[in-house]
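Chemist: With the input below, show me the fold.
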Amino acid sequence: MFTASSRRAPRWSWLPRRRVAGSVLALLISAASLGAQAQPALSLEQALRLAQDRSRQLSAQEFAAAAAREMSAAAGQLPDPTLKAGVNNLPVDGADRFSLTRDFMTMRSIAVMQELTRDDKRKARSARFDREAELAEAGRSAALADLRRDTAMAWLDTHFQQRMRDLLRDQRAEAALQIEAAEAAYRGGRGTQADLFAARSAVAQIDNRLREIEGQLASARTRLARWVGAAAEQDLAAPPSLDAAPLDAAGLEARLDHHPQIAVLARQEAAARADVDVANSAKRPDWSVELMFSQRGSAYSNMVSLNVSVPLQWDQKNRQDREVTARLALAEQLRAQREEATREHAAETRIWLLQWQSGRERLVQYDSALIPLATERTRAALAAYRGGSSPLAAVLEARRMEIDTRMERLRLEMDAAGLWARLQYLIPPEQPPVPTNSATNGVANGTTASKESQR
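Modeler: A predicted model of the protein is given here:
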């Protein structure tokens, strides 16, 4: 038997199931939206750090530098001694053939030979690998500069493509309202069918440009993903200030001494001059000393021998001197290439700076004159159309011109931002100073060093 209390339904049973399900769904949607909002936006500095952490080219250059440092330490050591063993004067016929003890001239010998490489030669070889390590470090700085520049340009490209897409979406929404107005005017007998088709054509043109921008945005995100990986799908934070360039025309020459590509050429020249020092040190031969113990038969005395050997550089002018001259010529070749590259990079950087300054001046003109005029023209045409004194075609033409002006302004800003990135990330922050002695040495200095080595 059921009591009244037992027959009473639970308090929540009277609620409609749809309301409960709707509440749960709303909670899930809210949680999902909060999770999406919690994802941080990707700033330019974060993209640069992420690209640097993901780069394998930087690690490769670090390994190359470490390998050269290890080789430098090894090159500064004496060569390993040589252990020699053999049998001398073994009879091969007669009564004593193949006997190791019966003939007094037969000896079983063991010897140790050591090449006495001069200290200056070992230092020259070690310094050559030190220059190789510095070249690898300069290569890392050049790779870092390229990475930071390309990452920044990909990030800025994605940012401006998004702004172009948003601009076209806003313009499309306004154009869609224009279709509704044209349809209402046509139904009310105040407009023509041609006006309606013109409004729809304007929307179709905006849709076509939107599809183009969407493709360009996808390409920009793909380029950004090459550097930052999956983080390229995140929303982008606000860009940094692009109003100031890190370089100016006055201090350009001094800063270009730290240009990563020029630094690489300077390190290559330093390595070539280290090769000159190695070739100069080879003009003095190294001696070798050999100590040998020879054992004979029990009836004979054992013997000890001490041998000294030295190469005979009998044609030094056609061998060692020519090698030194060839090394000097290669060093001069690299010096000439470095000087030519310095001029090329200086001119290129000046062009970037001038183009960036011109772009910033044109942006001011767009903001102060061109865009306000285009906006006012659209408003005037729309007011005239509403008053019945102007056709819809004039409104659509004014709106198209305004869209084109705003898009041109964004493209100009994007080009200026690309030039800013080239200037901003031209030189990596940890780029070491380039030694000046390698830049001033000429053939005469190298010849003087050669003569000093001969003395």
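Chemist: Show me the strands in the stretch 101-250 of the chain, by range?
Modeler: In the stretch 101-250 of the chain, the strands defined using DSSP state E, counting those that start in this stretch lie at 107-116.
Chemist: So, low pLDDT: which residues of it?
Modeler: Applying pLDDT under 70 to the predicted model, the residue ranges of the stretch 101-250 of the chain that meet it are 248-250.
Chemist: swap in the stretch 251-400 of the chain?
Modeler: Applying pLDDT under 70 to the stretch 251-400 of the chain picks out residues 251.
Chemist: What segments of it are strands?
Modeler: According to DSSP E, counting those that start in this stretch, the strands that the stretch 251-400 of the chain contains are 287-295, 303-309.
Chemist: In contact with the residue nearest to Arg409 when sequence neighbours are not counted, which residues?
Modeler: In space, not counting the residues next to it along the chain, Arg409 is nearest to Tyr366; the distance is 4.4 Å by C-beta to C-beta, 6 or more residues apart in numbering. C-beta: built from backbone N, CA, C; applies to glycine. Listed by C-beta atoms under 8 Å, 6 or more residues apart in numbering, the contact partners of Tyr366 are 405, 408-409, 412.
Chemist: Recalculate using a threshold of 10 Å.
Modeler: Tyr366 sits next to 372, 374, 405-406, 408-410, 412-413 when contact means C-beta atoms under 10 Å, 6 or more residues apart in numbering.
Chemist: Could you do Asp286 as well?
Modeler: Residues in contact with Asp286 (C-beta under 10 Å, 6+ apart) are 78-79, 115-118, 121-122, 309-311.
Chemist: Quick check: the gap between it and Val308.
Modeler: Summarising the geometry, the distance separating Asp286 from Val308, computed by C-beta to C-beta, to the nearest Å, is 12 Å.
Chemist: shared neighbours of those two, anything?
Modeler: Residues touching both Asp286 and Val308 comprise Leu116, with contact defined as C-beta under 10 Å, 6+ apart.
Chemist: quick revisit: can you flag the buried ones in the contacts of Asp286?
Modeler: Those of these that meet the buried threshold are 117, 121-122, by 16 or more other C-beta atoms under 10 Å.
Chemist: Let's have these in TSV, adding distance to Thr192.
Modeler: As requested, the buried ones among the contacts of Asp286 are arranged in TSV below (distance: C-beta to C-beta, whole Å):
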residue	distance to Thr192
Thr117	98
Lys121	96
Arg122	95
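Chemist: ok, those residues vs Val324, which is closest?
Modeler: Distance ranking of the buried ones among the contacts of Asp286 against Val324, using C-beta to C-beta, places Lys121 first at 13.7 Å.
Chemist: May I have the residues that are in contact with Gln57?
Modeler: For Gln57, the contacting residues are 139-140, 142-144, 146-147, taking C-beta under 10 Å, 6+ apart as the criterion.
Chemist: Over to Thr192: give its phi and psi.
Modeler: phi -110, psi 160 (degrees, to the nearest 10).
Chemist: what's the burial count for it?
Modeler: The local packing of Thr192 (other C-beta atoms under 10 Å) involves 14 other residues.
Chemist: got a list of what it touches?
Modeler: For Thr192, the contacting residues are 182, 185-186, 198, 391-392, by C-beta under 10 Å, 6+ apart.
Chemist: Let's see that with 7 Å instead.
Modeler: For Thr192, the residues meeting the contact criterion (C-beta atoms under 7 Å, 6 or more residues apart in numbering) are Tyr186.
Chemist: Look up how far Leu116 lies from the spatially closest residue to Asp120 that is not a sequence neighbour.
Modeler: Distances taken as C-beta to C-beta, 6+ apart put Ser281 closest to Asp120, at 5.6 Å, once the chain neighbours are dropped. In this structure, Ser281 and Leu116 are separated by 14 Å, where distance is defined by C-beta to C-beta.
Chemist: got the CA coordinates for whatever helix or strand Leu48 lives in in CSV?
Modeler: Under the criterion of DSSP states H and E, Leu48 resides in helix 44-54. Coordinates of each C-alpha in helix 44-54 appear next as CSV, following Å, rounded to 0.1, in the frame of the first residue of the first chain:
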residue,chain,number,x,y,z
LEU,A,44,54.8,38.2,-33.2
GLU,A,45,57.4,37.8,-30.5
GLN,A,46,55.9,34.4,-29.5
ALA,A,47,56.0,33.3,-33.2
LEU,A,48,59.7,34.3,-33.4
ARG,A,49,60.5,32.4,-30.2
LEU,A,50,58.6,29.3,-31.3
ALA,A,51,60.2,29.3,-34.8
GLN,A,52,63.7,29.5,-33.1
ASP,A,53,62.9,26.7,-30.8
ARG,A,54,61.6,24.5,-33.7
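Chemist: And the pLDDT for Leu34?
Modeler: At Leu34, the pLDDT value in this model is 44.
Chemist: which parts of stretch 204-220 are buried?
Modeler: For stretch 204-220, the neighbour count (16+ other C-beta under 10 Å) marks 206, 209-210, 213, 216-217, 220 as buried.
Chemist: Can you tell me what sits against it?
Modeler: Outside of stretch 204-220, the residues within contact range by C-beta under 7 Å, 6+ apart are 154, 157-158, 161-162, 164-165, 168, 171-172, 175.
Chemist: Now stretch 283-303: buried residues?
Modeler: Under the neighbour-count criterion of 16+ other C-beta under 10 Å, stretch 283-303 has 283, 286, 288, 290, 292, 294-297 buried.
Chemist: swap that for stretch 345-360, please
Modeler: By neighbour count, with 16+ other C-beta under 10 Å as the criterion, the buried positions of stretch 345-360 are 345-346, 349, 352-353, 356, 359-360.
Chemist: Stretch 80-95 too?
Modeler: The neighbour-count check on stretch 80-95 (16+ other C-beta under 10 Å) flags Leu90 as buried.
Chemist: Now the terminal residues of it, how far apart.
Modeler: In stretch 80-95, first residue to last residue: 42 Å (C-alpha to C-alpha, to the nearest Å).
Chemist: Show the average pLDDT along the helix holding Leu48.
Modeler: 95.
Chemist: Filter the contacts of Tyr366 down to just the ones in helices.
Modeler: Judged by DSSP state H, the contacts of Tyr366 include 372, 374, 405-406, 408-410, 412-413 as members of helices.
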